[in-house]
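Undergrad: I would like the atomic coordinates for the input below:
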Amino acid sequence: MSVVLEPDYTALEESTTEVLSNEDRMAALESALEVINNRIDTFGVTEPHIRKQLDDSILIEIPGEADPERVNSFLMGRGSLSFHIVNDEGTGAIREYTSGGGKIADGRPENEDILAEGLIALGYYIKDDYGIDKFVDWIAVPEAAGLEGTHIREARTETDPDTLRPIVTFRLDPEGATIFQNLTSENIGKDLAVVLDKKVKAYARIPKAIPGGNVSVTGFDYAQANDLAVVLRTGSLPVQLGVRTLQSVGASLGADTINAGLNAILIGFAAVFVFMALWYKGAGLIADMALVINLFLLTALLSSFNFTLTMTSIAGLILTVGMSVDANVIIFERIKEELRLGKSRMAAVETGFKKAFWTVMDAQITTLIAALFLSQLGKGPVQGFAVTLAWGIGCSLFTALFVSRLIFDCGTEWLKRQKVSIAWGLK
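TA: As a prediction, the model looks like this:
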């Protein structure tokens, strides 16, 4: 997806009642660039191309994204959340008015007498089975929000343990916590509406005052909840941006580069596959099976988070192949030592995995710590590599310590194998 944004300095001057100098404009534009980059590449695995053009417009190319509406909403900073007390009398009046064919325009009925001054009518929407907003009815709320989203801090996405639906939880700053406590204490028994982009996403009765400044809101699908959490974390844009052009483009990597990266993975995978089978015989085939499962798990995890295939993520995948096999090599060498001592298959496998456990964990955890530091301190490609590597280490530990052991045990318990095919000349 390719987007060109242009700043609206006129609107900024009107809001600040000041004439902006060239330095002020440049500062606002640079801040906008930073906010946009933080929103798009939260984990460093998208590698967007963001640059300022000569006419002060911003060119953004986002690989792997094909939804123009989501990009537009995400980049433009929509996702402004606010809380309003539902006006029951106005809600009843506006519903009666619309049921008789009355029209609503910009939150106000065509017949101004229907809704008191200072109130607006907003649509209440829920998600249908396909994740699309479905209009339910009209709700009247004060035009002035009881609490603005600017007071929100530390927003994140979680899953409700009861409904398994996504929720956005956040902490309010001290001023916001006080405002929210007063708002809820003064309106006990009334409904509180959660408004996002001029749509009521959820509303619920206020049973009591809510102190502390910790709030959870529902009514979003997973993509919308994640987007909202990111927008709230990164803050608002310092200058309003308008979309000049928005069009779909190809992948960020050229076909030759993608093919080269994938070929590197396949060649490395094939070389490791053959080596393990030749050197460790049957046990090597077990390691190969674990490696295949490892790659499937890792790609599934990356896909579930909409991570884009970039050169750094390809490098992380290649390194994961080596890390995964390294863990199996350590385990197999310990098993061979136990077999040389004359132990049975079951005893050798049991002792080998047990003695190799902490050696494997030490090596993997050391690399994981480095990956975690890179993911926090690095930016862009470095962060993307670190995130991919960290996920890969987790998958490698699972397949090496659990999957490989499970296959060995199946051979012992189900196939009644008494010997371990693990080395030439070792019976």
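Undergrad: rest of the way, CA atoms for contacts and neighbours
TA: Fine.
Undergrad: and the gap between residue 140 and residue 95?
TA: 9 Å (Cα to Cα, to the nearest Å).
Undergrad: looking at these two, which one has more neighbours?
TA: Neighbour tally, residue 140 and residue 95, criterion other Cα atoms under 10 Å: the higher count belongs to residue 140, 29 against 16.
Undergrad: settle this for me: the more buried one is touching residue 119, isn't it.
TA: Yes. Here residue 140 reaches residue 119: they are 6.4 Å apart, a contact under Cα atoms under 8 Å.
Undergrad: which neighbours do these two have in common?
TA: Residues touching both residue 140 and residue 119 by Cα atoms under 8 Å, 6 or more residues apart in numbering: residue 90.
Undergrad: what lines up beside whichever strand or helix holds residue 51 in the sheet?
TA: Assigning secondary structure by DSSP states H and E places residue 51 in strand 49-52. When sheet partners are counted by DSSP bridges, strand 49-52 sits next to strand 58-61 (antiparallel).
Undergrad: what's the spacing between the strand it pairs with and its chain's center?
TA: Put simply, strand 58-61 sits 21 Å off its chain's centre (Cα atoms, centre = their mean, to the nearest Å).
Undergrad: so for it, what's the average pLDDT?
TA: Predicted confidence along strand 58-61 averages 78 (mean pLDDT).
Undergrad: just the CA coordinates of that strand, formatted as CSV?
TA: Listed in CSV are the C-alpha atoms of strand 58-61, where the atom choice follows Å, rounded to 0.1, in the frame of the first residue of the first chain:
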residue,chain,number,x,y,z
ILE,A,58,4.9,12.3,3.4
LEU,A,59,5.3,9.2,1.3
ILE,A,60,4.5,5.9,3.0
GLU,A,61,4.9,2.4,1.5
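Undergrad: oh, and call the first residue 10 from now on, that's how I've got it
TA: All set: I'll call the first residue 10, so the last point we hit is now strand 67-70.
Undergrad: which residues touch residue 207?
TA: Taking Cα under 8 Å, 6+ apart, one finds 131, 132 in contact with residue 207.
Undergrad: and the pLDDT for it?
TA: Looking at residue 207, its pLDDT stands at 81.
Undergrad: quick one, phi/psi of it?
TA: phi 60, psi 30 (degrees, to the nearest 10).
Undergrad: same check on residue 63?
TA: For residue 63, the backbone dihedrals (degrees, to the nearest 10) come out as phi -60, psi -30.
Undergrad: what about it, distance to residue 43?
TA: The separation that residue 63 has from residue 43, given Cα to Cα, amounts to 18 Å.
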